[in-house]
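>>> Build me a model:
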Amino acid sequence: MRFQTPLVPGVLVRRYKRFLADVTLEDGQQVTAHCANPGSMTGLAVPGSRVWLEPNDDPKKKLKFGWRLVEHGNGHFTGVDTAVPNRMLRSALEAQEVPGLTGHDTLRAEVPYGEKSRIDFLLSQIGLPDTYVEVKSVTLMRQTGLAEFPDSVTARGTKHLHELTEMTRLGHRAVMLYLVQRTDCDRLTLARDIDPAYAAAWLRGTRAGVETIAIGCKITPDAITLGDPMRMIAPEPA
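Numbers count the residues shown, from 1 in each chain. Coordinates of the predicted model:
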């Protein structure tokens, strides 16, 4: 997925009110950018960090910049826009490019299911059970090379795992897909110390047949594209 307009670099001044960030551009101008990430962004919202913004000239948008990347040095980046995974994965699923999720006849997005929820993607294939795919964006890293999810308590995420588990009991296939938007990680685990309820729900779901797929990303200031499958390290039971 290429960015619609070329990104511009800057230095993060502060992130505040969750969805706002002040950034100093290279020409010295300070701008306010939209931060499309409701999470804690642990380790990513550090003042002084080099970041990349996407400009826009949309008259309907109050903010003329969107925060897209954090640069870590040594060529590594993290994508901070939580809307990116679904947009990128839809294209990849339609092109049959997601390992473990190929061969479907139809794809639908945001299909109602469970208790007033919507599944990110519902894949259908003649003669086989439907496949329910829930997608989560991963940006947390506290140990070198190890991505973790979630970065804050997510009651909504736990609810989704319960609903995926129910889908397996109804005879469907259910998949929890974690897209790691970091180029400096090669494996993934769950942050049980941050959200023990989520980790417990994942373990129950796994035992019931919910599958886990973890995939990395290739990230540059030009584009974010699908990377390689990543090893999932299961958390120890509490």
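>>> The most centrally placed residue in the chain: which element?
Taking CA atoms, centre = their mean, the centroid of the chain lies closest to Ser137, which sits 1.3 Å from it. Assigned by DSSP states H and E, Ser137 belongs to strand 131-138.
>>> Name every strand pairing with that strand and say which way it goes.
Next to strand 131-138 in the sheet, as set by DSSP bridges, lie strand 117-124 (antiparallel), strand 173-180 (parallel).
>>> Dump those to a markdown table, plus mean neighbour count, distance to Asp58 and mean pLDDT.
(Glycine included, C-beta is placed from N, CA and C.) As requested, the strands paired with strand 131-138 are exported to a markdown table (neighbours: other CB atoms under 10 Å; distance: least, CB to CB, whole Å; pLDDT from 0 to 100):
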| stretch | mean neighbour count | distance to Asp58 | mean pLDDT |
| --- | --- | --- | --- |
| strand 117-124 | 19 | 25 | 96 |
| strand 173-180 | 23 | 26 | 98 |
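>>> In JSON lines: these, plus distance to Pro196.
Shown next, in JSON lines, are those (distance: least, CB to CB, whole Å):
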{"stretch": "strand 117-124", "distance to Pro196": "22"}
{"stretch": "strand 173-180", "distance to Pro196": "17"}
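>>> Against Ile194, how distant is Asp222?
From Asp222 over to Ile194 the distance is 32 Å, taken as CB to CB, to the nearest Å.
>>> Comparing those two, which residue is more hemmed in?
Comparing Asp222 with Ile194 by neighbour count (other CB atoms under 10 Å), the higher total belongs to Ile194, at 19 against 10.
>>> Wait, a strand at the more buried one?
No - judged by DSSP: H, G, I helix; E, B strand; the rest coil, Ile194 forms no part of a strand; its state is coil.
>>> can you list contacts of the helix or strand of the chain with the lowest mean pLDDT?
Least confident helix or strand, the chain: helix 84-94 with a mean of 93, by mean pLDDT, DSSP states H and E. By CB atoms under 8 Å, 6 or more residues apart in numbering, the residues outside helix 84-94 that reach it are 1, 98, 101, 104, 107, 109, 120-121, 123, 133, 135-137, 177, 179, 181, 224-226.
>>> Extract the C-alpha set from stretch 129-147 and format it as PDB.
The C-alpha coordinates for stretch 129-147 follow below in PDB (Å, rounded to 0.1, in the frame of the first residue of the first chain):
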ATOM      1  CA  PRO A 129     -17.100 -23.600   6.400                       C
ATOM      2  CA  ASP A 130     -17.000 -19.800   6.400                       C
ATOM      3  CA  THR A 131     -13.700 -18.200   7.700                       C
ATOM      4  CA  TYR A 132     -14.000 -15.400  10.200                       C
ATOM      5  CA  VAL A 133     -10.900 -13.200  10.300                       C
ATOM      6  CA  GLU A 134     -10.300 -10.600  13.000                       C
ATOM      7  CA  VAL A 135      -7.300  -8.200  12.500                       C
ATOM      8  CA  LYS A 136      -5.200  -6.500  15.100                       C
ATOM      9  CA  SER A 137      -2.400  -4.000  14.500                       C
ATOM     10  CA  VAL A 138       0.700  -4.600  16.600                       C
ATOM     11  CA  THR A 139       3.200  -1.900  17.400                       C
ATOM     12  CA  LEU A 140       4.600  -2.600  20.900                       C
ATOM     13  CA  MET A 141       8.100  -3.900  21.500                       C
ATOM     14  CA  ARG A 142       9.700  -4.000  25.000                       C
ATOM     15  CA  GLN A 143      12.300  -6.700  24.300                       C
ATOM     16  CA  THR A 144      14.500  -6.600  21.200                       C
ATOM     17  CA  GLY A 145      12.900  -8.300  18.300                       C
ATOM     18  CA  LEU A 146       9.800  -9.400  20.200                       C
ATOM     19  CA  ALA A 147       6.500  -7.700  19.300                       C
END
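>>> All set now, cheers.
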